[in-house]
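Student: Dropping a prediction and its sequence here:
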There are 2 protein chains.
Amino acid sequence: MTPVPSIDPRTGATVEVVAAETTTAEVDERCRAAARAAEALEAMGRTGRATLLGALADALEAARDDIVAVADRETGLGTTRLAGELTRTGYQLRLFADVLRDGGYLEATVDHAGDTPMGARPDLRRMLVPIGPVAVFGASNFPLAFSVPGGDTASALAAGCPVVIKAHGSHPATSQLCFDVLSAAAGKAGAPDGTLAMVHGLRAGADLVAHPAIRAVGFTGSTPGARALLAVIEQRSDPIPFYGELSSLNPVIVTRAACADRGSRIGAELVAAFTLGAGQFCTKPGLAFVPAGPDGDEVMAAMHAAVAATTPMVMLNEGIAAAYERGTARLGAVGGLTPEARGAAGDDAGFRGTPLLLSADAADLPPEATDECFGPVAVVARYRDDAELVAALEGLPASLTATVQRGPGETELPAELSRRLRPRAGRLIYDGYPTGVAVSWAQHHGGPWPATNTQHTSVGTSAIRRFLRPVTWQNAPEEILPDELRDGFTAVPRRVDGALRPAG
Amino acid sequence: MTPVPSIDPRTGATVEVVAAETTTAEVDERCRAAARAAEALEAMGRTGRATLLGALADALEAARDDIVAVADRETGLGTTRLAGELTRTGYQLRLFADVLRDGGYLEATVDHAGDTPMGARPDLRRMLVPIGPVAVFGASNFPLAFSVPGGDTASALAAGCPVVIKAHGSHPATSQLCFDVLSAAAGKAGAPDGTLAMVHGLRAGADLVAHPAIRAVGFTGSTPGARALLAVIEQRSDPIPFYGELSSLNPVIVTRAACADRGSRIGAELVAAFTLGAGQFCTKPGLAFVPAGPDGDEVMAAMHAAVAATTPMVMLNEGIAAAYERGTARLGAVGGLTPEARGAAGDDAGFRGTPLLLSADAADLPPEATDECFGPVAVVARYRDDAELVAALEGLPASLTATVQRGPGETELPAELSRRLRPRAGRLIYDGYPTGVAVSWAQHHGGPWPATNTQHTSVGTSAIRRFLRPVTWQNAPEEILPDELRDGFTAVPRRVDGALRPAG
């Protein structure tokens, strides 16, 4: 029995033992229960599951004070930020309830039998159906928004898929508390037993993705972690989809006109963005392009001042703090990277990282400058002219986001930059910062490898698509068709004989 | 220089050398040209690409007689079938033109800035954009519908992606002719150079999926072939999506009531279905469940007669004919599989396979009976009662399709069967056969592994989704946004602030 400890990152002390690591036999039992729950969860229907999601949101909010306190103790992220995360999670659950009531996500499509230039066509009706039990891997950095509660769990349940969560070892007590709250609420709301389960431990995570009952995986974490799980999936007799949100540099480009307009404000904002949550955001801007010479000096001066005003920041766990220490030491030793500013000394108990700013020549960016380094560190690439800037973009890896800070009314250069950045990012941001990822219909949190390994999003309403698969019924008797595909059903948007019809 | 021969499968003779295998340097050059073409192809817009697709359809049809003659000589599939394939391909190209004009495939979504319970939300606008150059692997069995012309090429071009096709070695002359026709038409229609390219040879195929410019792969073929290409993709520094349509058993269930109603008709139809195109359909019904005893005997008698009336069928190439020979010999030696009927002797020049029917006990189905064997062979599993039938379904691998032949007005058992079959198939067919795959809005040609490795279809309008990826613009100036996301644009369906709005 391997104990799962809850550790306070502010002190490094173990506060309690939360659970034992889940055994292979226990993983098997929970996955089987999830498989048994699938049909009844789907049978709750869109309305039933919408009510369920609302009940989950209510229950989390009713336990807000306890959850936030435990999460703060375990992550050091602070109660304000964590309370915001919990609000976000409630909002997200209710937004997916709206998605269910709307029904457009089903992509219901009806082609009646008829003649075509290819000959007679049978009656064909297509709709998305739940993919089956989903494994969700909680992330360390958002204990309430990308973990036991979060976008993966919300979207999988909305889709009608039971969820087995791999708790992140960095906040097991928070995971257990949230899981207990959600489980109790799900039971009360009439969800079948097995709708939600949780496992602890790395081995349990591998057992989970290997289990025949698991039909898809939602993952937010490191590329090596993802590669390890993908290797397990490759060994399955039936490889399953793995939706991984992995690694992201999130470049920010500051144009000359933006510098002239508000250089020092941008400098201060950039430091706030890359040190937010101790730089432990997948959307942390890790690389900023700033004009060389006097045009960019105001930005640099503000960055220097803002970094110097920081002190060591609490990091999520010992491993992340150690990796940050190693990573920043390595960056400091790279030829072509110049240390610019470092946070001041201060309380260094527990697991902490001191903010660091480095600079480089955009025309000669060392490869290390474009690797993600998790934590409060960023590189500023100084560019001499727009041609040099544009050329430097060609060498960037893909990211979740790319940002352009432009001058008032400036559009020509931003348009050219957007054209170059679009193949390298899932979200293009103007005159803002990438850190916030609003939950909405139009959100996309994804991007080409290494940002993710999928064409889907993990934030926003279309995240539900990951946990659905299409089925077409051909010449099916009406009694066998799902309601949404029967003639005369008009409560969801459908495409009928090629024409889109909103719900009526 | 390795020559690429065109072989007549009716005789086994090499008729001509079509080309040399494409070298690594040539693959590189064609992929770079595809990358250079991407922006201009996208810039043609939905209307421009709709016109392009129509021009491609017209050009193929104008060359119909030549194309059908070469394809018949190279595949032995017969001119009627091949003419139908060409009609299908023209229809498909024009249907994708409709998809472009409709614009719903873009999933255009606008969330205006506003307040939410999470605080202020920025302006977010999401749309699907082309993923970049696509590699298409032509299949051997549909030289005009899943090859150089076909669903992958049509959907990728519709999406705005240049296409580099790996010609199938089984019909290189057909591939070359179709490619020449399509290339000339694309140029005339104003498509940029590099929009279409083709390569020959296995090595060239591996080079293609390894090439940095290639952003996605569409593949129809064998599971080992797919695994080999997936291994190449795993070695990329940026793994790309691989959409594989692989292997499918396509079970057909004949209920007792169906037997009573039309047993001998079903028997004859089943044989027609599994020998269609010499059984070289991904939707070939390879396993049929028929009641044991007198209830199913009429089906069996008709199958016996129909199989006995066949003679050796021309197969696509030497490798497929040899694999069929080995596969049927192996099946004949499996304990629990009883040979029932075999085609008569006849012309056996070239590459041929003799139809074969075997039977088994549904309660004790040997694993070999559920492996796909390409060619005109099928297994009938006899079931004693409905419980035995339902139990046997639990052991089936997933397929592209599953079919229920039911009695007049019978719904209770078909509903129960459908419930069991849905997790194991992408399309459920009633009182028909799976072989035909109509191109339409509601079609789904996919299914869980081993049928495919994706949640997407390779036939039907939603096949376009494979070659698109979402991008979200945050607080973008109007001038930078794509037309379809600008305020006031109403020519495509959009979701605005959560509400679906048809094109107006």
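Tutor: Ah, there it is.

Student: pretty sure A:Gly335 is in contact with A:Pro366, am I right?
Tutor: Yes: contact criterion Cβ atoms under 8 Å: A:Gly335 and A:Pro366 qualify, at 6.9 Å. C-beta coordinates here come from the backbone N, C-alpha and C atoms, glycine included.

Student: who's more crowded, these two?
Tutor: A:Pro366 (15 against 8; other Cβ atoms under 10 Å in any protein chain shown).

Student: Poorly predicted segments of the stretch 201-350 of chain A, please.
Tutor: Counting by pLDDT under 70, the stretch 201-350 of chain A contains no low-confidence range.

Student: Residue of it closest to chain B, please.
Tutor: Per Cβ to the nearest Cβ, A:Asp238 is where the stretch 201-350 of chain A lies closest to chain B, at 4.2 Å.

Student: in which helix or strand would I find the nearest residue to A:Ala13 once chain neighbours are set aside?
Tutor: Using Cβ to Cβ, 6 or more residues apart in numbering or on different chains and skipping residues adjacent in sequence, the residue nearest A:Ala13 is A:Ile7, 6.9 Å away. Assigned by DSSP states H and E, A:Ile7 belongs to strand A:3-8.

Student: Report the buried residues of that strand.
Tutor: By 16 or more other Cβ atoms under 10 Å in any protein chain shown, the buried positions in strand A:3-8 come out as A:4, A:6-8.

Student: Can you name the two of the residues you listed that sit furthest apart?
Tutor: The span of the buried residues of strand A:3-8, defined through Cβ to Cβ, is set by A:Val4 and A:Asp8 at 14.8 Å.

Student: For the strand holding A:Ile7, which outside residues touch it?
Tutor: A:13-21, A:73-74, A:76, A:167, A:169, A:171-173, A:200-201, A:317-318, A:350 (Cβ atoms under 8 Å, 6 or more residues apart in numbering or on different chains).

Student: Just the buried residues out of the residues you listed, in PyMOL syntax.
Tutor: To isolate the buried ones among these in PyMOL, judged by 16+ other Cβ under 10 Å, type:
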select buried, chain A and resi 18+19+21+73+74+76+167+169+171+172+173+200+201+317+350
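
Student: Where strands are concerned, which of the contacts of strand A:3-8 count?
Tutor: A:13-20 (DSSP state E).

Student: any chance of the residues you listed in CSV, plus pLDDT?
Tutor: Formatted as CSV, those follow (pLDDT from 0 to 100):
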residue, pLDDT
A:Ala13, 97
A:Thr14, 97
A:Val15, 97
A:Glu16, 97
A:Val17, 97
A:Val18, 97
A:Ala19, 96
A:Ala20, 97
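
Student: tell me which of those residues is nearest to chain B?
Tutor: A:Val18 (29.0 Å).

Student: Which residue ranges of the stretch 51-200 of chain A form helices?
Tutor: Applying DSSP state H, counting those that start in this stretch to the stretch 51-200 of chain A gives helices spanning A:64-75, A:79-102, A:151-159, A:172-188.

Student: Please say whether there is contact between the second one and chain B.
Tutor: Think helix A:79-102. Yes: using Cβ under 8 Å from any Cβ of the partner chain, we find that helix A:79-102 touches chain B at A:84, A:87-88, A:90-91, A:98, A:102.

Student: And the buried ones among those, selectable in ChimeraX?
Tutor: To isolate the buried ones among the residues of helix A:79-102 next to chain B in ChimeraX, judged by 16+ other Cβ under 10 Å, type:
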select /A:84,87,88,90,91,102
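
Student: The residues of helix A:79-102 next to chain B: which two are farthest apart?
Tutor: It's A:Gly84 and A:Asp102 that sit farthest apart of the residues of helix A:79-102 next to chain B, by Cβ to Cβ, at 26.2 Å.

Student: can you confirm A:Phe219 is in a strand?
Tutor: Yes: judged by DSSP: H, G, I helix; E, B strand; the rest coil, A:Phe219 forms part of a strand.

Student: contacting residues around A:Gln443?
Tutor: Taking Cβ under 8 Å, 6+ apart, one finds A:427, A:437, A:457, A:459-461, B:111, B:124, B:126, B:472 in contact with A:Gln443.

Student: separation between A:Thr51 and chain B?
Tutor: Applying Cβ to the nearest Cβ, to the nearest Å, the value for A:Thr51 to chain B is 19 Å.

Student: doesn't A:Ala189 make contact with that residue?
Tutor: Yes: between A:Thr51 and A:Ala189 there is a contact under Cβ under 8 Å: 6.3 Å.

Student: which parts of the stretch 201-350 of chain A sit against chain B?
Tutor: So the stretch 201-350 of chain A meets chain B at A:215, A:238-241 (Cβ under 8 Å from any Cβ).

Student: So which of these is the closest to B:Gly409?
Tutor: A:Arg215 (34.2 Å).

Student: For the closest residue to that closest one other than its chain neighbours, what are phi and psi?
Tutor: Closest residue to A:Arg215 in three dimensions, ignoring its sequence neighbours and counting by Cβ to Cβ, 6+ apart: A:Gly132, at 3.2 Å. Dihedral pair for A:Gly132: phi 120, psi -180, per degrees, to the nearest 10.

Student: Kindly state the pLDDT recorded for A:Gly132?
Tutor: According to the predicted model, the pLDDT of A:Gly132 comes to 98.

Student: what's the neighbour count on it?
Tutor: 22.

Student: That one contacts A:Ala38, doesn't it?
Tutor: Yes: the pair A:Gly132 / A:Ala38 is scored as a contact, 5.8 Å apart, by Cβ under 8 Å.

Student: Overlap in contacts, those two.
Tutor: Common neighbours of A:Gly132 and A:Ala38 (Cβ under 8 Å, 6+ apart) are A:161-162.

Student: dump the residue contacts of the residue of chain A positioned farthest from its centre.
Tutor: Relative to the centre of chain A, the most outlying C-alpha is that of A:Gly119, 46.5 Å out, by Cα atoms, centre = their mean. The contact partners of A:Gly119, by Cβ under 8 Å, 6+ apart, come to B:Gly84.

Student: swap in the one 5 residues further on?
Tutor: The contact partners of A:Leu124, by Cβ under 8 Å, 6+ apart, come to A:110-111, A:472-474, B:438, B:440, B:442-443.

Student: Please produce a markdown table containing the residues you listed, extended by pLDDT.
Tutor: As requested, the contacts of A:Leu124 are arranged in a markdown table below (pLDDT from 0 to 100):
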| residue | pLDDT |
| --- | --- |
| A:Val110 | 98 |
| A:Asp111 | 98 |
| A:Thr472 | 98 |
| A:Trp473 | 98 |
| A:Gln474 | 98 |
| B:Ala438 | 96 |
| B:Ser440 | 97 |
| B:Ala442 | 98 |
| B:Gln443 | 98 |
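
Student: Give me the buried entries from those residues.
Tutor: A:110-111, A:472-474, B:438, B:440, B:442-443.

Student: which residue sits closest to A:Val254 in space, ignoring its chain neighbours?
Tutor: Nearest to A:Val254 is A:Gln405, by Cβ to Cβ, 6+ apart, at 4.5 Å.

Student: So what does the one you found look like in phi/psi?
Tutor: The phi/psi pair for A:Gln405 (degrees, to the nearest 10) is phi -100, psi 110.

Student: Do you have the helices of the stretch 201-350 of chain A handy? List them.
Tutor: Under DSSP H, counting those that start in this stretch, the stretch 201-350 of chain A gives helices at A:202-210, A:223-235, A:256-275, A:294-308, A:318-332.

Student: Including distance to B:Arg64, could the ones you listed go into JSON lines?
Tutor: JSON lines is the format used below for the helices of the stretch 201-350 of chain A (distance: least, Cβ to Cβ, whole Å):
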{"stretch": "helix A:202-210", "distance to B:Arg64": "50"}
{"stretch": "helix A:223-235", "distance to B:Arg64": "44"}
{"stretch": "helix A:256-275", "distance to B:Arg64": "58"}
{"stretch": "helix A:294-308", "distance to B:Arg64": "63"}
{"stretch": "helix A:318-332", "distance to B:Arg64": "62"}
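
Student: With that, I have no additional questions.
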